[in-house]
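Trainee: Build me a structure from this.
(2 chains)
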Number of protein chains: 2
Amino acid sequence: MAHLKSRVTVVGSGNWGSVAAKLIASNTLKLNSFHDEVSMWVYEEILPNGEKLSQVINRSNENVKYLPGIKLGKNVIANPDLENAVKDANFLIFVTPHQFMEGICKRLVGKIRSDAEAISLTKGMEVKREGPCMISTLISEQLGINCCVLMGANIANEIAVEKFSEATVGYRKNKEIAEKWVQLFNTSYFNVSAVQDVEGVELCGTLKNVVAIAAGFVDGLDMGNNTKAAIMRIGLREMKALSKLLFPSVKDSTFFESCGVADLITTCLGGRNRKCAEAFARNGGKRSFDELEAEMLQGQKLQGVSTAKEVYEVLRHRKWLELFPLFTTVHEICIGRLPPAAILTYSENSPKCPLLKGSAQFF
Amino acid sequence: MAHLKSRVTVVGSGNWGSVAAKLIASNTLKLNSFHDEVSMWVYEEILPNGEKLSQVINRSNENVKYLPGIKLGKNVIANPDLENAVKDANFLIFVTPHQFMEGICKRLVGKIRSDAEAISLTKGMEVKREGPCMISTLISEQLGINCCVLMGANIANEIAVEKFSEATVGYRKNKEIAEKWVQLFNTSYFNVSAVQDVEGVELCGTLKNVVAIAAGFVDGLDMGNNTKAAIMRIGLREMKALSKLLFPSVKDSTFFESCGVADLITTCLGGRNRKCAEAFARNGGKRSFDELEAEMLQGQKLQGVSTAKEVYEVLRHRKWLELFPLFTTVHEICIGRLPPAAILTYSENSPKCPLLKGSAQFF
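Mentor: Residues are numbered from 1 along each chain as shown, chains lettered A, B, ... in the order given. Purely as a prediction, here's the structure:
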């Protein structure tokens, strides 16, 4: 019955994509219902020594560029041909940077199995004025297939060295499929749970970056743990309130999952959004985020600042600015309209001050 | 109508008691329904220079021993005579170390106004085998008065210098009284909210110390932010699950308040429980907590270790050990039955391992 076995393809081979392939490949070896082989689409690159990245991965079993030093498992097969990589798969893992997602989906229309199931690991959807463009929805609509999401407090490099962490699978209706995804990802050091709340899980992965900016400001102002904990809590409250306003089906309990409180904690303790925001506040807002990003992140991009802007546009468009004092103030600090200390300055004349009890607490 | 004005007494004058008196004294000056004067009972001590602590406080307006450098407000009056300090008060704030609470209540029987309202700021109730001995219940039953609680992410010294923080008032039935307490404590830098859930709020203040021990172990094992966030999340889940099993009235939403997630964050980032547990793990469990406490805390006491033991007794008595793998494992590490790394070691044969999905997640 080998032909009835499921086949898995990972679409993406960056840092997180490579770790995902490693996790899944360790499980397909054990699961009878899956082929051992895990296909991994690689955006082909020529390495400095002239070799092709996909060939090096297949020879050395390592993604020498994006996850050096970690064996992916011999059953991970790198494939530079996107269409060929996906054509037999009925389990597709999407884990490319979000700006490439739409283009990749377009290339895949009509090229995938009609019974395929998808899951998105990509954080950082765009938020348009009308509301968020969920990446799971983009995949679902473009390809006509069901799409779950997997989010959580998971820093790829820590999972790669098998440090314990957790993740949350969000699913829409089909619990059985969600459990398949849990089977594929769950290991002794990577604890995965499923919740029926795609939107809640996916929004957590995006909105937390705005809170991380606020937490970085608090760090840069040397306010201490008390204040930082308060800002993180207010941020979590606004994440929950906005998610529920946008999607009434979002559940409170989702924010207690790894994708919620745990990912928020990780992001506000480490993380590049927090780090750049700290530097921004230490410079009194006199050096722009663009400048700090270029200097501190070696080409990586800050998502929190652009997400804060996008969220602000939604809030303004819907006349909700005053309900979300923290989100609003973060954006106004980022663009220089308010000083970094505004995150903490109480003013009875400023209903937008996050320290006032925003109505968000009532949701 | 001055005789109808309410009178406030703070029972206790340690670090947190002095900050509470400062907060309240700034508000009674503004609130017409309260006498300006705030009475603060001081357990009399003779200072090295021979002066009495209460006299120095009244002369200098500073608690030179427990909150040096901070002006309390001229309307804070230290009083070394407990009975005299409380006799006219109808708002009583209890903020003495928990081991003295029962003795103080006994001394106050029949000595307070019958219409008095109480609030407890004391964290760290004892948990007996039958269940927790809430300090609010102790006060209520001994004195025959209503008792609220105030908990949250509040490190006294940070609030003393007016860094922003938050707190949660838990009340049983009377919302109007809860709002009075909010009025008395809330300032521009101290944001207080009220929730109808005394038990949930008070249990948060105690159970978080057990989670902080676990977080300290993770720090001592150098596991990184991912793992730490996961342990904090699992800890929050067990706090919620145990509180709800003990008191079905406890609300999920309470754990999103300052007393819940925010206090947990503060305690797991700084805090003496975390600090000693980190040292314990770094020493591979070879130096006892008693030894580390004596060396590191200059006479202050660790609550997490004794609370972990008490919680373990409750869980064993009720046959719930396997539902609470994190709480259970923390105690077994503290007493040397398991190595510190057990907090992170997955074993399919150990249903008590916190990394397995404990049933607590289903509550």
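
Trainee: In stretch A:143-153, which residues are buried?
Mentor: Along stretch A:143-153, these residues count as buried under the neighbour rule (16 or more other CB atoms under 10 Å in any protein chain shown): A:L143, A:I145, A:N146, A:C147, A:C148, A:V149, A:L150, A:M151, A:G152, A:A153. C-beta: built from backbone N, CA, C; applies to glycine.

Trainee: These in helices, which ones?
Mentor: A:L143 (DSSP state H).

Trainee: Quick one: the strands in chain A, in order.
Mentor: A:6-11, A:34-41, A:62-63, A:67-71, A:76-79, A:91-94, A:117-120, A:126-128, A:131-133, A:147-151, A:165-170, A:190-195 (DSSP state E).

Trainee: what separates the second one from the chain centre, distance-wise?
Mentor: It stands for strand A:34-41. In terms of CA atoms, centre = their mean, to the nearest Å, the centre of strand A:34-41 is found 23 Å from the chain centre.

Trainee: quick check: angle from it to strand A:6-11?
Mentor: Going by axes from the mean of the first three to the mean of the last three CA atoms, to 10 degrees, strand A:34-41 is angled at 20 degrees with respect to strand A:6-11.

Trainee: Would you agree A:E45 is in contact with A:K65?
Mentor: Yes: counting by CB atoms under 8 Å, A:E45 does reach A:K65; the two are 6.8 Å apart.

Trainee: thinking again about what came up before, just send the strands of chain A back as JSON lines, with mean pLDDT and distance to chain B too.
Mentor: Formatted as JSON lines, the strands of chain A follow (pLDDT from 0 to 100; distance: least, CB to the nearest CB, whole Å):
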{"stretch": "strand A:6-11", "mean pLDDT": "98", "distance to chain B": "21"}
{"stretch": "strand A:34-41", "mean pLDDT": "98", "distance to chain B": "21"}
{"stretch": "strand A:62-63", "mean pLDDT": "97", "distance to chain B": "20"}
{"stretch": "strand A:67-71", "mean pLDDT": "97", "distance to chain B": "16"}
{"stretch": "strand A:76-79", "mean pLDDT": "98", "distance to chain B": "22"}
{"stretch": "strand A:91-94", "mean pLDDT": "98", "distance to chain B": "20"}
{"stretch": "strand A:117-120", "mean pLDDT": "98", "distance to chain B": "20"}
{"stretch": "strand A:126-128", "mean pLDDT": "80", "distance to chain B": "23"}
{"stretch": "strand A:131-133", "mean pLDDT": "83", "distance to chain B": "22"}
{"stretch": "strand A:147-151", "mean pLDDT": "98", "distance to chain B": "13"}
{"stretch": "strand A:165-170", "mean pLDDT": "96", "distance to chain B": "4"}
{"stretch": "strand A:190-195", "mean pLDDT": "96", "distance to chain B": "6"}
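
Trainee: Look at the residue nearest to A:E257 when sequence neighbours are not counted and say how many residues are nearby.
Mentor: Leaving aside its chain neighbours, A:E257 sits nearest to A:T168 (4.3 Å; criterion: CB to CB, 6 or more residues apart in numbering or on different chains). Here the number of neighbours of A:T168 (other CB atoms under 10 Å in any protein chain shown) works out to 28.

Trainee: how about A:T168, what does it touch?
Mentor: A:150-152, A:192-195, A:201, A:254, A:257-260 (CB atoms under 8 Å, 6 or more residues apart in numbering or on different chains).

Trainee: Separate out the buried members of those.
Mentor: By neighbour count, with 16+ other CB under 10 Å, the contacts of A:T168 hold A:150-152, A:192-195, A:201, A:254, A:257-260 as buried.

Trainee: can you pull the contacts of the residue nearest to A:D81 when sequence neighbours are not counted?
Mentor: Nearest non-adjacent residue to A:D81, counting by CB to CB, 6+ apart: A:W41, 7.9 Å away. Applying CB under 8 Å, 6+ apart, we find A:W41 in contact with A:T9, A:V10, A:V11, A:G12, A:S13, A:N79, A:P80, A:D81, A:L82, A:A85, A:V86.

Trainee: For the helix or strand of chain A with the lowest mean pLDDT, name the packing helices and strands.
Mentor: Ranking every helix and strand in chain A by mean pLDDT, DSSP states H and E puts strand A:126-128 at the bottom, with a mean of 80. If contacts are counted by 3 or more CB pairs under 8 Å, 6 or more residues apart in numbering or on different chains; DSSP states H and E, strand A:126-128 sits against strand A:131-133, helix A:304-317.
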